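Enquirer: sequence isn't available, so here's the structure alone:
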DNA sequence: TCCATATGAGACACTAATGTCTCATCAGGG
DNA sequence: CCCTGATGAGACATTAGTGTCTCATATGGA
């Protein structure tokens, strides 16, 4: 699948490079994105009509990765806690991109929000609701809030790792343990 | 010190208006900020040399509000949990501004970071460390991560309220309960 | 070999935002 | 009453980023 020797640019590769760059510097220009992808600005423009289109494509990529992670995590199997652990582990590689899109989405204010996010929200909310109905999770925190909190913790974790204040290997543990167990010490398991 | 009746514009009031606007729309132009503050762009420019200076001033404001909240929360008194509750309650009014500055800081990448943030980080970290040493908080989550997680949850909470997906009255409860107790249901208090 | 095609480089116009300037106005103090 | 000083309005140049265009080049297939 790797046509490295072809002249044709791989849009997928361009998107990955753009995601990696914009994750670090959310205000990067088209010029910088093109350089990061190893192509010229003209070619970048041929594949993505403009910055807007690029962000939309990244949004689609992020949604696709989220859905893939949701699928891979098999949210319906085992306890809800285990499912949350699998989900965080599966979504970790996309956390940086998610954080970028998360902040970018706040700019879409009035504009139409990609329906894909709603589906993802719903799937994650359903997981938390399943945990509540099964008596596993507390019921005074709404599934919507738990979902939003997960996003926030993912962003914080990604930032922590990116800024070097935390080790990548701790990413999953930090997030899952805080989200599920909280900061308070438990008397027993 | 208060020349309210003078023609002179109150820089404090301008900053508040700018904070309120940029909290909602982080890409607002100088023109929009001026309108929001009820002054002309020229006057805005007379008080703040440029957008950069304005953001710096907002940063100082945010730091000041954080420190005021830290003081008001009396982090050294009572249990660490109680102190965290007071802190979240005290910092709530500034959460929006904090979220804005938080995202803005990521753009300062290489540039010098205002030392004020480090002091604030240290004071909050010290609170979590106190909780750990007192056997109140678990020790497998570092104070630095708990601090970062608090920031993330504050941002998520502010976003939740701002987007209308959550009620302002739940702000404190949502954040504190998740941060301290986590999502898992407890067998007893 | 020759051709179709995609790319890279760069020029160009357009836009939005910024920063600076001037000038008229208006309030308050002397 | 007049003068000082701050403001509002708006013109203006500058900059950065974008989007579009042309042309030369190089690759891979027919």
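Expert: In hand now; what should we look at? These numbers come from a predicted model, not from an experiment.
Enquirer: ok, for whichever residue of chain A sits closest to DNA strand D, nearest residue in space, not its chain neighbours?
Expert: Going by C-beta to the nearest atom of the strand, DNA strand D is nearest to residue A:50 of chain A, at 2.6 Å. All C-beta spots, glycine's among them, are computed from the backbone N, C-alpha and C. Using C-beta to C-beta, 6 or more residues apart in numbering or on different chains and skipping the chain neighbours, the partner closest in space to residue A:50 is residue A:30 (8.0 Å).
Enquirer: same check on residue A:38?
Expert: Counting by C-beta to C-beta, 6+ apart, the residue nearest residue A:38 is residue A:17, at 7.2 Å.
Enquirer: and the one you found, what's its pLDDT?
Expert: In this model, residue A:17 is scored at 96, pLDDT.
Enquirer: quick check: the residue nearest to residue A:50 touching residue A:45?
Expert: Yes: at 7.3 Å, residue A:30 counts as touching residue A:45 under the criterion of C-beta atoms under 8 Å.
Enquirer: assumed residue A:164 was part of a strand.
Expert: No: using DSSP: H, G, I helix; E, B strand; the rest coil, the assignment for residue A:164 is coil, not a strand.
Enquirer: okay, now residue A:63: neighbour count?
Expert: Using other C-beta atoms under 10 Å in any protein chain shown, residue A:63 is surrounded by 19 other residues.
Enquirer: do the helix or strand hosting it and chain B meet?
Expert: In the assignment (DSSP states H and E), residue A:63 maps to helix A:51-72. No: against chain B, helix A:51-72 shows no contacts by C-beta under 8 Å from any C-beta of the partner chain, the least distance being 13.3 Å.
Enquirer: residues in contact with that helix?
Expert: For helix A:51-72, the external contacting residues (C-beta atoms under 8 Å, 6 or more residues apart in numbering or on different chains) are A:11, A:15, A:18-19, A:22, A:30, A:33, A:44, A:48, A:86-87, A:90-91, A:93-94, A:97-98, A:100-101, A:104, A:114, A:116-117, A:119-120, A:123-124.
Enquirer: quick one: low-confidence parts of chain A?
Expert: A:1-7, A:109-111, A:188-189 (pLDDT under 70).
Enquirer: quick one, domains of it?
Expert: A:1-48, A:60-181 (automatic domain parsing).
Enquirer: can you say which of those domains is packed in most?
Expert: Greatest average neighbour count among those goes to domain A:60-181 (a mean of 18), per mean count of other C-beta atoms under 10 Å in any protein chain shown.
Enquirer: so which residues of chain A form helices?
Expert: A:11-24, A:30-37, A:41-47, A:51-72, A:80-91, A:95-105, A:115-133, A:143-162, A:171-181 (DSSP state H).
Enquirer: any idea how far residue A:23 is from the residue of chain A closest to DNA strand D?
Expert: Separation of residue A:50 from residue A:23 (C-beta to C-beta, to the nearest Å): 20 Å.
Enquirer: do the same with residue A:153
Expert: Counting by C-beta to C-beta, the separation of residue A:153 from residue A:23 is 17 Å.
Enquirer: what residues does chain A put near DNA strand C?
Expert: A:7, A:8, A:9, A:38, A:39, A:40, A:41, A:42, A:43, A:46, A:47 (C-beta under 7 Å from any atom of the strand).
Enquirer: rerun at 10 Å
Expert: Contact residues, chain A versus DNA strand C (C-beta under 10 Å from any atom of the strand): A:6-11, A:14, A:34-35, A:37-47.
Enquirer: residue A:162 is in contact with residue A:100, isn't it?
Expert: No: Residue A:162 is not in contact with residue A:100 according to C-beta under 8 Å; the separation is 11.1 Å.
Enquirer: which ones are touching residue A:73?
Expert: Per C-beta under 8 Å, 6+ apart, neighbours of residue A:73: A:83, A:86, A:87, A:89, A:90, A:91.
Enquirer: who touches residue A:173 in this structure?
Expert: residue B:140.
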